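J.: Can you look at this prediction? I've put the sequence above it.
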Amino acid sequence: MTLLILKNDNRHFLYRSSFIIGQKSNNAVLCSQSMDSIEHTARLNAIFNTVIDGIITIDEKGVIESVNPAAAKIFGYQPEELVHQKVNLLMPMPHSRDHDDYIENYLTTGLKKIIGIGREVQGKKKDGTEFPFRLSISEADFGHRKIFTGIIHDLTDLRQAEKALEENQNRLSAIFDTAVDGIITIDRQGIMEMINPAAAKMFGYQVSDLVGKNVKTLMPEPHFSRHDGYISNYHKTGVKKIIGIGREVEGKRKDGSTFPINLGVSKVPLGDRVIYTGIIHDISKEKAAQEKVEKLNAELEQRVEERTEKLAEVVNKLLKTNKQLANEIQERKAAQAELEASREQVKTALQKERELSELKSRFVSMASHEFRTPLSTIQSSASLISRYKGEEHDEKREKHVNRIKSAVRNLTGILNDFLSLSRLEEGKINQSPSSFNLVDLAGAVSDELHTILKKDQEIRLHTDQDNLEVYLDRHFLKNVMINLLSNAIKYSDQGKMIDLKLEVGDDIRITVKDEGIGIPETEQHNLFERFFRANNVTNIQGTGLGLNIVKKYVEMMAGKIEFSSQVNIGSTFIVILPKLDPSAP
């Protein structure tokens, strides 16, 4: 027999092998069996150095004989720092203190506490920190002595992962238990597995009442009877009716009453099985608020229509109506405050209602002022005319007759503005395009406005042709021209010129330019709003509706309006309209 001693990184491996002596040049030749042992030893050595778990061998005194790189790394050492050291160097107190007694007791009594069993223990790194690892110890008896081999598996990452998992589970449980909306999970057969407190309360149950029951318990007919068939059909065909979509459905409480809910269902694969999670939001309050708003809007629309029809006939009742409208506005504000807590679509509806009420209030305020002046003029002039009876008073009578005519025109203009705005907003006006000569229309409008021109004012028509054939709504375009030219006359002084320019090319352009008082720059962004009047026109009669109406007419003809203005220099308005094809359908 021969003894092979292999040394690697302070570790020794001893093997005994048979050998054959050969006589050649006085040298011994190892037999093939010895070479196999060397290869086997090298293989074991490679395993020892490359395994992930730590391996440490100690003698009967607890002295480390060998340590693989993995074990040294686990404890924060180099291998050579541990060989010949007591193994209790790697143990925290009190295990470090008691270890020698444990080995001695085992060698004396044979009583095992960990050898051949394996368990989780604490280790101590070079820097003093402690960590958990699983230790398995085996015993090898070489006759004259024993060695003990420890296999070490670091559990630090596992424990950290377990801790993170536990924290995540606790966090998810807290979210599940405290969520405001209901959460229910069911299996493939529709059996409820988990129900959060919010869902149980929503349906009038305790959580324990629902676990293990079919989810159709919470559904009214016909969904109660159809639910199992729906799940079965989905599993067969994969056709979704609600999964991943969400929709409004009805739920059934324990007392049999039904209520509306928003239900979102998602499919959750869990390894070898699938569950379905439903998120449930009770929308009873939102539905009730929505119905109330719809009812209020219907009532409001009906009253607005009634008021609009009466307004053109009974102007002298506007002041009385003002009080009634104020009461209605107050009622709407109270309703708005009550519904303020509901969702955004409810707020939008109430905002529309408030704007409409404010519009009526502003019109009443405007009309009561604008009507009062011409009516007072008519009354006083009519009274004075009765005093002038002889021919010598013809001039004075004519003066007051003209004042009455002017006041009537103002009243007519106010009513026309409001009625036009009302019909436009209610959608009661439709386009009726036809072919006509734009130059002829401009001439007719200029003639019609001749009577309101101030002294030495003149409307100058600019066009490069006598015949500009267009296909538009003649009535819409006439109202646009009248409004723009009337404003130019009204807001310009005596002797100032008003220019009306007509152009037909790729599009149709109508330009009205005046030399009037202009619009302050800081107020120009409000120019097309209803009832807007700039602060430099307070002494000039007007409703503030004309340009708003012009803009609506232009937009109905798929056009746009642009303007520029400077105070005390004048304003220019340009209406740009598309050319329509009369042959198009």
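T.: Okay, I see it.
J.: Quick check: residue 117 vs residue 324, distance?
T.: Residue 117 sits 95 Å away from residue 324, taking C-beta to C-beta, to the nearest Å as the criterion. C-beta coordinates here come from the backbone N, C-alpha and C atoms, glycine included.
J.: repeat for residue 512
T.: Here residue 512 is placed at a distance of 40 Å from residue 324 (C-beta to C-beta).
J.: Compare those two and say which is more crowded by neighbours.
T.: residue 512 (22 against 13; other C-beta atoms under 10 Å).
J.: Next up, phi/psi of that one, please.
T.: Here is the backbone geometry of residue 512 (degrees, to the nearest 10): phi -120, psi 120.
J.: Where does pLDDT dip in the stretch 251-400 of the chain?
T.: Where the stretch 251-400 of the chain drops to pLDDT under 70, the residues are 311-312, 314-322, 325, 339, 341-343, 345-390, 392-394, 396-397, 399-400.
J.: What ranges does it have for its helices?
T.: Under the criterion DSSP state H, counting those that start in this stretch, the stretch 251-400 of the chain contains helices at 284-313, 318-339, 344-385, 394-425.
J.: got the buried residues for the helix or strand containing residue 168?
T.: Applying DSSP states H and E as the criterion places residue 168 in helix 156-178. Applying a neighbour-count criterion of 16 or more other C-beta atoms under 10 Å, one finds residue 176 buried in helix 156-178.
J.: which strands and helices sit next to that helix?
T.: In terms of contacts (3 or more C-beta pairs under 8 Å, 6 or more residues apart in numbering; DSSP states H and E), helix 156-178 is packed against strand 130-141.
J.: okay, the helix or strand just after the strand it packs on in PDB with CA atoms only?
T.: Next along the chain after strand 130-141, taking DSSP H and E as the criterion, comes strand 146-154. Coordinates of each C-alpha in strand 146-154 appear next as PDB, following Å, rounded to 0.1, in the frame of the first residue of the first chain:
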ATOM      1  CA  LYS A 146     -13.200  11.500  14.600                       C
ATOM      2  CA  ILE A 147     -13.900  14.500  12.400                       C
ATOM      3  CA  PHE A 148     -17.200  16.400  12.000                       C
ATOM      4  CA  THR A 149     -18.300  18.000   8.700                       C
ATOM      5  CA  GLY A 150     -20.800  20.900   8.700                       C
ATOM      6  CA  ILE A 151     -22.800  21.900   5.700                       C
ATOM      7  CA  ILE A 152     -23.800  25.600   5.900                       C
ATOM      8  CA  HIS A 153     -26.700  27.200   4.000                       C
ATOM      9  CA  ASP A 154     -27.100  31.000   4.400                       C
END
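J.: List the buried residues in strand 146-154.
T.: In strand 146-154, counting by 16+ other C-beta under 10 Å, buried: 148, 150, 151, 152, 153, 154.
J.: In the stretch 451-585 of the chain, where is pLDDT below threshold?
T.: 531, 538-539, 541-544, 584-585.
J.: Show me where it has its helices.
T.: 474-490, 546-556.
J.: what's stretch 95-105 in contact with?
T.: 60-62, 86-89, 91, 111, 113, 121-122, 124 (C-beta atoms under 8 Å, 6 or more residues apart in numbering).
J.: CA atoms only: put it into PDB for me.
T.: This file holds the C-alpha atoms of stretch 95-105, laid out as PDB (Å, rounded to 0.1, in the frame of the first residue of the first chain):
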ATOM      1  CA  HIS A  95     -23.200  29.100  21.700                       C
ATOM      2  CA  SER A  96     -19.600  30.200  21.500                       C
ATOM      3  CA  ARG A  97     -19.100  29.700  25.200                       C
ATOM      4  CA  ASP A  98     -21.000  26.300  25.400                       C
ATOM      5  CA  HIS A  99     -19.600  24.700  22.200                       C
ATOM      6  CA  ASP A 100     -16.600  22.900  23.700                       C
ATOM      7  CA  ASP A 101     -18.800  21.500  26.500                       C
ATOM      8  CA  TYR A 102     -21.200  20.200  23.900                       C
ATOM      9  CA  ILE A 103     -18.500  18.300  21.900                       C
ATOM     10  CA  GLU A 104     -17.000  16.900  25.100                       C
ATOM     11  CA  ASN A 105     -20.400  15.700  26.400                       C
END
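J.: List phi and psi for the spatially closest residue to residue 481 that is not a sequence neighbour.
T.: Spatial nearest neighbour of residue 481, excluding adjacent residues (C-beta to C-beta, 6 or more residues apart in numbering): residue 445 at 4.6 Å. When read as degrees, to the nearest 10, the backbone of residue 445 gives phi -70, psi -40.
J.: I'd say residue 445 and residue 478 touch.
T.: Yes. Applying C-beta atoms under 8 Å as the test, residue 445 and residue 478 come out as touching, 6.2 Å apart.
J.: ok, these two, which is more surrounded?
T.: More crowded of residue 445 and residue 478, by other C-beta under 10 Å: residue 445, with 22 against 16.
J.: Return the residues in contact with residue 563.
T.: 524, 527, 571, 572, 573, 574.
J.: could you redo these as JSON lines and give each row distance to residue 457 and neighbour count?
T.: Listed next are the contacts of residue 563 as JSON lines, based on distance: C-beta to C-beta, whole Å; neighbours: other C-beta atoms under 10 Å:
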{"residue": "524", "distance to residue 457": "24", "neighbour count": "15"}
{"residue": "527", "distance to residue 457": "23", "neighbour count": "17"}
{"residue": "571", "distance to residue 457": "15", "neighbour count": "24"}
{"residue": "572", "distance to residue 457": "17", "neighbour count": "16"}
{"residue": "573", "distance to residue 457": "17", "neighbour count": "23"}
{"residue": "574", "distance to residue 457": "21", "neighbour count": "17"}
